[in-house]
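Undergrad: The sequence and its predicted three-dimensional model are supplied below.
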Amino acid sequence: MAPSTPRLVVPIDVKKKKPWEQTVPLHNRWHPDIPPVADVITGELFRVEMVDWTGGRVGDNNSAEDIKSLDLSITHYLSGPIRVVDSEGNPARPGDLLAVEICDLGPLPGDEWGYTATFDRENGGGFLTDHFPAATKAIWYFEGIFAYSPHIPGVRFPGLTHPGIIGTAPSQELLEIWNERERKLAETDIKSLKLCEVVHQRPLANLPTPRNCLLGKIKEGDENWERISAEAARTIPGRENGGNCDIKNLSRGSKVYLPVFVEGANLSTGDMHFSQGDGEVSFCGAIEMSGFLQLKCEIIRDGMKEYLTPMGPTPLHVNPIFEIGPVEPRFSEWLVFEGISVDESGRQHYLDATVAYKRAVLNAIDYLSKFGYSKEQVYLLLSCCPCEGRISGIVDSPNAVATLAIPISIFDQDVRPKTEKVPKGPRVIQRLPDVLRCTYDGNLPVTKNLAGNQT
C-alpha cells in the first residue's frame with residue numbers, strides 16, 4: 001500500500017501571513033521553555049510550512065523602503081518547536097542525536113516569488129556595507145526550478161532550495177553560555193578587534209531583547225513571558241544547536257544530525273531560501289521566500305557522546321553534522337576569483353580568511369560590472385546565485401587565499417576574458433532596469449577602491 005500523504009503539522013496561510021495570526025503560533029527566539037506546537041513520531045513523514053523570515057514585511061513591489069526601514073528585532077520567524085518521540089512514545093533525550101532528513105521542499109503554492117536585499121548601513125549592513133551602504137532590493141520570480149529577476153536582467157539559474165535555519169532548542173545551561181559569551185563580545189571595544197577595521201558590520205552581537213519577541217504559545221502578558229523574552233537568544237547566528245547556518249547545499253535528500261539538549265529535541269525551522277551563494281554576502285542575501293519542508297526524523301540514542309567531540313569547556317560545546325543530498329544543479333564551467341589577506345588600504349593581515357574572501361567578492365563585483373551590470377546588481381547576484389566559496393589556502397603565511405567560483409552559464413553572454421576588449425553596445429544597455437535602491441542618509445565613511453573601476 002502506498003504511504004499516506006505527509007501529515008501537515010505547521011500550516012501557513014499565505015493570504016494572512018502575519019506570524020502572530022497563524023493557526024499554529026510561530027516564534028522568533030531560542031529558549032528551552034518555548035513549548036512544542038506538535039509531536040511527530042520517528043519514521044513519520046511530515047510537512048512544515050514557513051513564512052519568509054520577515055513574516056511578510058517585505059513586499060513584491062517597486063520600492064526598497066521596506067528593506068531600509070525593517071526592524072531587525074523580528075528576526076527570524078520560525079515554525080515549531082516540534083517534539084520528536086520514538087515509536088513507543090519515548091521522547092528524544094538530552095545527549096541524543098536527532099537525524100532530520102529533508103525529503104522534499106519548495107515555495108508555498110501561490111507565493112512563488114522571493115527577494116534579495118542589502119540592509120542600510122545604519123540598520124544591519126552586510127559583508128560589504130562600507131562599499132554599499134544604501135538599502136537595495138531585487139525581486140525574483142520562479143519558473144519551476146529556475147529563478148529570474150526583472151532587476152538583474154540577463155541572468156537565469158536553477159535554485160538549490162534549502163532552509164536557512166534548522167535547529168533544536170538549547171538547554172538552560174547552553175542558553176546561559178550563549179548569552180554570556182555574546183554579551184562579552186558586544187561589550188568589547190571594537191578598536192581592539194582589528195578585523196572590525198575591515199568588516200564594518202555592526203553590532204558585534206545581537207543580545208536578547210523583548211522587542212518584537214514572539215514565543216509561540218506563550219503570549220505577552222502570560223506569567224513567564226517577561227522572564228523568557230528577556231533571556232531568549234536571538235536567531236541571527238548559527239550555534240551549537242544548528243540554527244542559522246545558511247548552508248546552501250542542505251536541499252532535497254540532505255540529512256542534519258542535530259544535538260539534543262532538551263527532552264523532545266524541540267525542532268524548529270524557517271528562513272527558506274530558493275537559492276543562495278556561499279557566504280550570503282549581502283546579509284539579506286539569499287532569494288528569501290515562504291516555503292515548506294517535508295521531513296522525517298530518527299533518534300540516535302546517546303549519539304552526542306558517540307559521534308560528537310566537544311570543542312570547548314563543557315560537553316555542550318559541540319556542532320551538528322550535515323550530510324549533503326544527491327540533488328544539485330550541474331554546472332561544468334566556472335569563472336573563479338581569488339582574494340588574499342590584504343585589505344583595500346593595502347594593509348597586510350595574517351592568514352585572515354575573512355579579509356581574503358572580501359577581496360575575492362570585491363574582485364568579482366568589479367570584474368562583472370565591466371559587462372553592463374551595476375555593482376549593486378552584481379553584489380546581490382553573488383549573494384543569491386549558486387556560486388561556490390572556498391578557503392583555498394590557510395597555512396602559507398602571511399596570506400590566506402579564498403576563492404569565489406561563479407557558474408558561467410547563468411549569464412546570457414560570455415563573461416570570460418578574451419583577446420578582444422570587453423563588449424560594448426546593446427548588451428550593456430539591456431542590463432536595465434537596475435536594482436531598487438534607497439538613499440544612504442548616514443555619515444559613516446564609504447570605502448573606495450582607489451585603483452579600481454569606480455563606475
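TA: That came in fine, so what should we check first?

Undergrad: low pLDDT regions in this structure?
TA: By pLDDT under 70, the low-scoring segments of the chain are 423-431, 450, 452-455.

Undergrad: Grab the most central residue of it for me.
TA: Nearest to the centroid of the C-alpha atoms of the chain, with distances taken as CA atoms, centre = their mean, sits residue 246, at 3.9 Å.

Undergrad: Am I right that it is in a strand?
TA: No: secondary structure assignment (DSSP: H, G, I helix; E, B strand; the rest coil) places residue 246 in coil, not in a strand.

Undergrad: hang on, isn't it packed against residue 238?
TA: Yes: applying CB atoms under 8 Å, one finds residue 246 in contact with residue 238, separated by 7.4 Å. In short, each C-beta sits where N, CA and C put it, glycine included.

Undergrad: Roughly how far does residue 411 sit from residue 200?
TA: 30 Å (CB to CB, to the nearest Å).

Undergrad: same question, residue 108
TA: For residue 108, the distance to residue 200 under the criterion CB to CB works out to 35 Å.

Undergrad: Likewise for residue 167?
TA: Spatial separation of residue 167 from residue 200 under the definition CB to CB is 28 Å.

Undergrad: Walking through the stretch 101-250 of the chain, point out its helices one by one.
TA: Ranges of helices in the stretch 101-250 of the chain, per DSSP state H, counting those that start in this stretch, are 172-186, 225-231.

Undergrad: List the buried residues for the first one?
TA: By 16 or more other CB atoms under 10 Å, the buried positions in helix 172-186 come out as 174, 175, 177, 178, 179, 182.

Undergrad: Give me the nearest residue to the first one, chain neighbours excluded.
TA: What sits nearest to residue 174 in space, not counting adjacent residues and going by CB to CB, 6 or more residues apart in numbering, is residue 316, at 4.8 Å.

Undergrad: which SSE is that neighbour in?
TA: Remark: residue 316 resides in no helix or strand, with elements defined by DSSP states H and E.

Undergrad: Please apply the same query to residue 84.
TA: Take DSSP H and E as the rule and residue 84 turns out to sit in strand 78-85.

Undergrad: and residue 162, bridged to which residues?
TA: According to DSSP bridges, residue 273 are recorded as the beta-bridge partners of residue 162.

Undergrad: Can you give me every residue that contacts it?
TA: Taking CB atoms under 8 Å, 6 or more residues apart in numbering as the definition of contact, the neighbours of residue 162 are 102, 105, 247, 248, 249, 250, 251, 254, 272, 273, 276.

Undergrad: Relative to residue 273, how far out is it?
TA: As judged by CB to CB, residue 162 and residue 273 stand 6 Å apart.

Undergrad: Now do the shared contacts for those two.
TA: Common contacts of residue 162 and residue 273, defined by CB under 8 Å, 6+ apart, comprise residue 248.

Undergrad: residues contacting the closest residue to residue 318 other than its chain neighbours?
TA: Residue nearest to residue 318 in three dimensions, not counting chain neighbours: residue 308, with 4.2 Å by CB to CB, 6+ apart. When contacts are counted by CB under 8 Å, 6+ apart, residue 308 is found next to 97, 259, 318, 319, 321.

Undergrad: In contact with the residue nearest to the centre of the chain, which residues?
TA: Residue 246 makes contacts with 164, 238, 271, 273, 276, 280, 286, as judged by CB under 8 Å, 6+ apart.

Undergrad: Residue 334: which of those residues is nearest?
TA: The shortest gap between residue 334 and any of those belongs to residue 276, at 16.9 Å (CB to CB).

Undergrad: right, and the closest one touches residue 382 too?
TA: No: with contact defined as CB under 8 Å, residue 276 and residue 382 do not form a contacting pair (10.5 Å).

Undergrad: ok, back up a step: strands - which of the contacts of residue 246 land there?
TA: Among the contacts of residue 246, the residues falling in strands (DSSP state E) are 164, 238, 271, 273, 286.

Undergrad: any idea which of the residues you listed is closest to residue 449?
TA: Within these, proximity to residue 449 (CB to CB) peaks at residue 286, which comes in at 26.0 Å.

Undergrad: The closest one contacts residue 274, doesn't it?
TA: Yes: under the contact definition of CB under 8 Å, residue 286 touches residue 274, with a separation of 7.3 Å.

Undergrad: what touches both of those two?
TA: In the contact map built from CB under 8 Å, 6+ apart, the residues linked to both residue 286 and residue 274 are residue 114.

Undergrad: Show me where the stretch 251-400 of the chain has its strands.
TA: In the stretch 251-400 of the chain, strands defined by DSSP state E, counting those that start in this stretch lie at 255-259, 267-273, 283-288, 291-300, 321-323, 334-340, 388-393, listed in chain order.

Undergrad: nearest to residue 416, of these?
TA: With distances scored as CB to CB, the stretch of the strands of the stretch 251-400 of the chain nearest to residue 416 is strand 334-340 (6.3 Å).

Undergrad: List the buried residues in that closest one.
TA: Buried residues in strand 334-340, counting neighbours by 16+ other CB under 10 Å, are found at 335, 337, 338, 339, 340.

Undergrad: Include distance to residue 13 when you put these into CSV, please.
TA: CSV is the format used below for the buried residues of strand 334-340 (distance: CB to CB, whole Å):
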residue, distance to residue 13
335, 43
337, 43
338, 47
339, 44
340, 50
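
Undergrad: Roughly how far does residue 361 sit from residue 438?
TA: Residue 361 is 22 Å from residue 438, by CB to CB.

Undergrad: if you count what's nearby, which of these two comes out ahead?
TA: Neighbour tally, residue 361 and residue 438, criterion other CB atoms under 10 Å: the higher count belongs to residue 361, 27 against 18.

Undergrad: who's in contact with residue 305?
TA: Applying CB under 8 Å, 6+ apart, one finds that residue 305 lies in contact with 95, 315.

Undergrad: Could you do residue 55 as well?
TA: Contacts of residue 55 were listed using CB under 8 Å, 6+ apart, and they are 17, 18, 19, 26, 74, 77.

Undergrad: Would you mind listing which of those residues are buried?
TA: Among the contacts of residue 55, those buried by neighbour count (16+ other CB under 10 Å) are 17, 19, 26, 74, 77.

Undergrad: Dump those residues into a markdown table; add secondary structure and distance to residue 9 as well.
TA: Written out in a markdown table, the entries for the buried ones among the contacts of residue 55 read as follows (DSSP: H, G, I helix; E, B strand; the rest coil; distance: CB to CB, whole Å):
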| residue | secondary structure | distance to residue 9 |
| --- | --- | --- |
| 17 | coil | 18 |
| 19 | helix | 17 |
| 26 | coil | 13 |
| 74 | helix | 23 |
| 77 | coil | 16 |
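
Undergrad: ok, residue 33 - how many residues close by?
TA: Applying other CB under 10 Å, we find 16 other residues in the vicinity of residue 33.

Undergrad: still on that earlier bit, now, among the buried ones among the contacts of residue 55, which is nearest to residue 446?
TA: Ranked by distance to residue 446 (CB to CB), the buried ones among the contacts of residue 55 are led by residue 74 at 27.7 Å.

Undergrad: Name the nearest residue to that closest one, ignoring sequence neighbours.
TA: Here the nearest residue to residue 74 in space, its sequence neighbours aside, is residue 212; by CB to CB, 6+ apart that works out to 4.8 Å.
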